[in-house]
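Chemist: kindly generate the corresponding structure for this input.
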Amino acid sequence: MTDAAKPRGELTLRTLAMPGDANPAGDIFGGWVMAQMDLASGIRATERARGRVVTAAVKEMAFELPVKIGDTLSVYTDIERVGRTSITLCVEAWANRARYAKMEKVTAGTFIMVALDEEGKPKQVPEGDRSGIDNMETVSSPEVFLHIKVVMGMVISLSLARVLTGVAGIVQHPAKAKVYPIHLGWALSMFLFIIHIWWWEYRLQAVPAIGFGIYLFLICFCSLFFLLCALLFPASLDEYGGYEEYFISRRKWFFGILGLTYAVDILDTAIKGHERIPLARLGISRAQHCLHHPLHHRRLDSQPPLPRHLRHRQPDLPDKLHLPPL
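Modeler: Below is the predicted model:
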């Protein structure tokens, strides 16, 4: 094999041509070669799509040389294009003629694979360089998640430290500033909110590809919590008569950033997986149903049965108790 005749792409599959795959003349069936190329395309596309894929089309395929019994078939794949749900690969099959110590190109073709979700419907291919070179292939997803987790932990830790330090200051010096119960309630709410968000950020390890845009978004998201905690507990209250006066004077800033946090939280849920948003809607609809149909609105025709031991003692009693409506 000369320098000019080199396989294109990465070696994805190697297999040995056996007599059971040959015709009476000793040539391997073209369908067997095509099946190996399809397998290689599925392997490469599955790695890129981070999930299930199927073959949608095969284009521009032509056999140049036959494959003989005993040849080692090597299949090379190269990602040409990544669409919204499809991956186009250039696939080449090369035969290693062990008896002649040479390698020859047998055939080549263009395979189009489509990514599918768990329900068998087309899904979006994870973000990356759509020219065919995935930027995230050089760094594994666990390493990226570990780095993001450390940076997010630093920012969220500062937020928790601000809340805990502020509450500890009130306990240590209760007469230094007048305590405002509503202010303490929001401090407790922020404490629980931060713990909740910090826990659910572990869902990010399920995200197949994390780019710089998602990284920057998550850091800004965590920074909003630090701003909220800093607004709850300022560095000094010398200009105010207590926490009540301070909180009322800064309530527009606090509730404005809090509303922005809830909006960003929806985007954060979408990053972890679009399928989680309908679950949130389902939870809201169930809550609304419970509000409109509380427990005390029981049906009048669903009367409780009389206990069995009472029916044996009092045979004249009816089987059901007819209770008046509530």
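Chemist: strands along the stretch 101-250 of the chain, start to end?
Modeler: 102-115 (DSSP state E, counting those that start in this stretch).
Chemist: what about the stretch 51-200 of the chain, any weak spots by pLDDT?
Modeler: Applying pLDDT under 70 to the stretch 51-200 of the chain picks out residues 128-145.
Chemist: at 90 what do you get?
Modeler: By pLDDT under 90, the low-scoring segments of the stretch 51-200 of the chain are 59-63, 70, 80-84, 97-103, 118-120, 124-160, 169-181, 183, 189-190, 192-200.
Chemist: which residues in it form helices?
Modeler: For the stretch 51-200 of the chain, helices defined by DSSP state H, counting those that start in this stretch occupy the ranges 141-172, 181-200.
Chemist: any chance of a markdown table for these, columns mean neighbour count and distance to residue 230?
Modeler: Heads up, the C-betas are built off the backbone N, CA and C, glycines and all. Formatted as a markdown table, those follow (neighbours: other CB atoms under 10 Å; distance: least, CB to CB, whole Å):
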| stretch | mean neighbour count | distance to residue 230 |
| --- | --- | --- |
| helix 141-172 | 15 | 6 |
| helix 181-200 | 15 | 11 |
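Chemist: out of the ones you listed, nearest to residue 242?
Modeler: Shortest distance between residue 242 and those, using CB to CB, is found for helix 181-200: 9.1 Å.
Chemist: re earlier: distance to residue 77 added to the helices of the stretch 51-200 of the chain, as JSON lines?
Modeler: Output for these, formatted as JSON lines (distance: least, CB to CB, whole Å):
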{"stretch": "helix 141-172", "distance to residue 77": "21"}
{"stretch": "helix 181-200", "distance to residue 77": "37"}
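Chemist: between these, which one is closest to residue 218.
Modeler: Going by CB to CB, the one of the helices of the stretch 51-200 of the chain nearest residue 218 is helix 141-172, 6.0 Å.
Chemist: which one of the helices of the stretch 51-200 of the chain lies closest to residue 13?
Modeler: Among the helices of the stretch 51-200 of the chain, if distance is taken as CB to CB, the winner is helix 141-172, at 23.8 Å.
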